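Student: Below: sequence and its predicted model.
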Amino acid sequence: MQTITTLFRLLIIPGILIVASCNRDDDSNPKPGKTDASKVFLKSQTIVWSIGSGHGGHGDGGGPHDSDDFTSTEAVEYGYTADNKLRFINNLEFVYDSEGRLIKTIEDFDTVKYFYSNGLLSLVTTNCGYYDGKTFSDSTSFYYNNDVLTYTVSTFEKTTTYYTFNNENLLASKVIKKTGPGFSRSDSLIFSWKDGNLVKISTRSGIPYTYEREYRYDDKPSYVLASHFPKEYLIVREITQFYGTQYPLFYYQVMPWRYNCRNNPIEFIERTNDQVRTIEYHISYDDRGLPLVIHGSTFQMELEYYQ
């Protein structure tokens, strides 16, 4: 298979490309002697979770809980179209228009539709929800200034989210504002980057609480570059991250692979008012330097690629 090279105007919106996918196309060429993971295609991903008392939740860092120890397995299969676009992940189907833009995802009775205006993503709608299996209808509208995304408005949570970017067109901050009868709250995420990797997230919110996450990386290509998620899908997944949570910043997904960063995280540090904790990830690689097995404190992930 060949790598996907088509770029839409949507994908060069500074920062929103980056928040969903840390690697920029102009920076995606591998260094001499290193594999270009964007030319590899992920076939399967099997995660065995070992979760229980004293362990974090899914994401290897959701916080301790008191449940009995148990093990669960998640098996994910990836399939691609003839022109190398992601076609399905298990029963989640991706549908594209004649220009190659994502226009729909379908999973059981859940359909999410993507609409464009002047080449930019302008509206996303869902008929029965795209957060955590919960059913609801929603629309998210996108607003731009000179083709740069400035804010989004979602009807379900009645939130308005504002975006700023650094001088490398990477997402620098995201401010989430929500109002309701008798209340108004503003929460912020601050992002720091280095060498195409997200190295720190810190939060600011209307309640006094310190919450920071830092990541350290290896120098090998990340397997997520081989998954070829449509960037529109990743943008929407990022925007809807906080649906259904009372204090969304405290539940921000800890698994740093979700950012599609250039390299693989090997250390995670979390700082709160109550604790500082460190989690290490141990990785086994194939002869191309791609991860085959990743061990975390609560999971083991096995990966297979199309040859």
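Tutor: That came through fine. No experiment lies behind these values; they were computed from the predicted model shown. Residues are numbered from 1 along each chain as shown.
Student: what stretches of this protein score poorly on pLDDT?
Tutor: Filtered on pLDDT under 70, the chain yields the residue ranges 1-34, 52-68, 128-136, 206-208, 239-260.
Student: all helices for it, in order.
Tutor: 16-20, 231-239 (DSSP state H).
Student: Next, give phi and psi for residue 298.
Tutor: Note on residue 298: its backbone torsions stand at phi -130, psi 10 [degrees, to the nearest 10].
Student: roughly how far apart are the nearest residue to residue 104 once chain neighbours are set aside and residue 291?
Tutor: Counting by Cβ to Cβ, 6 or more residues apart in numbering, residue 95 is the residue found nearest to residue 104 once chain neighbours are left out, at 4.1 Å. For glycine as for every other residue, the C-beta is placed from the backbone atoms N, C-alpha and C. Distance, residue 95 to residue 291, by Cβ to Cβ, to the nearest Å: 30 Å.
Student: Can you name the residues that contact residue 43?
Tutor: With contact taken as Cβ atoms under 8 Å, 6 or more residues apart in numbering, residue 43 is in contact with 77, 78, 304, 305, 306.
Student: So what's the residue count around the spatially closest residue to the second one that is not a sequence neighbour?
Tutor: If I follow you right, that is residue 78. Nearest residue to residue 78, sequence neighbours excluded (Cβ to Cβ, 6+ apart): residue 42, at 5.0 Å. Residue neighbour count, defined by other Cβ atoms under 10 Å, stands at 24 for residue 42.
Student: give the contact list for residue 42.
Tutor: Counting by Cβ under 8 Å, 6+ apart, residue 42 touches 78, 223, 226, 227, 228, 303, 304, 305, 306.
Student: do the same with residue 159
Tutor: Residue 159 makes contacts with 153, 176, 177, 178, 242, as judged by Cβ under 8 Å, 6+ apart.
Student: cool, residue 91 as well?
Tutor: Going by Cβ under 8 Å, 6+ apart, residue 91 touches 107, 108.
Student: do the same with residue 175
Tutor: By Cβ under 8 Å, 6+ apart, the contact set of residue 175 is 161, 162, 186, 187, 188.
Student: ok, now with 10 Å
Tutor: Neighbouring residues of residue 175 by Cβ atoms under 10 Å, 6 or more residues apart in numbering: 151, 160, 161, 162, 163, 164, 186, 187, 188, 189, 190, 204.
Student: My guess is the third one contacts residue 174. True?
Tutor: Yes. The pair formed by residue 161 and residue 174 meets the contact definition of Cβ atoms under 10 Å, at 6.0 Å.
Student: Could you give me the buried positions within stretch 278-293?
Tutor: 279, 281, 283, 289, 290, 291, 292 (16 or more other Cβ atoms under 10 Å).
Student: still on that earlier bit, from the contacts of residue 175, which is closest to residue 116?
Tutor: Nearest to residue 116 out of the contacts of residue 175 is residue 151 (Cβ to Cβ; 17.8 Å).
Student: Okay, and the beta partners of that closest one?
Tutor: Taking DSSP bridges as the rule, residue 151 bridges to residue 143, residue 162.
Student: What is the burial count for it?
Tutor: 16.
Student: How about residue 268?
Tutor: Residue 268, neighbours per other Cβ under 10 Å, totals 21.
Student: I'd say it and residue 298 touch.
Tutor: No. The pair residue 268 / residue 298 is not scored as a contact, 11.9 Å apart, by Cβ under 10 Å.
Student: From residue 278, how far off is the residue lying closest to residue 293 once chain neighbours are set aside?
Tutor: Nearest residue to residue 293, sequence neighbours excluded (Cβ to Cβ, 6+ apart): residue 284, at 4.3 Å. Noted for residue 284: a distance of 21 Å to residue 278, by Cβ to Cβ.
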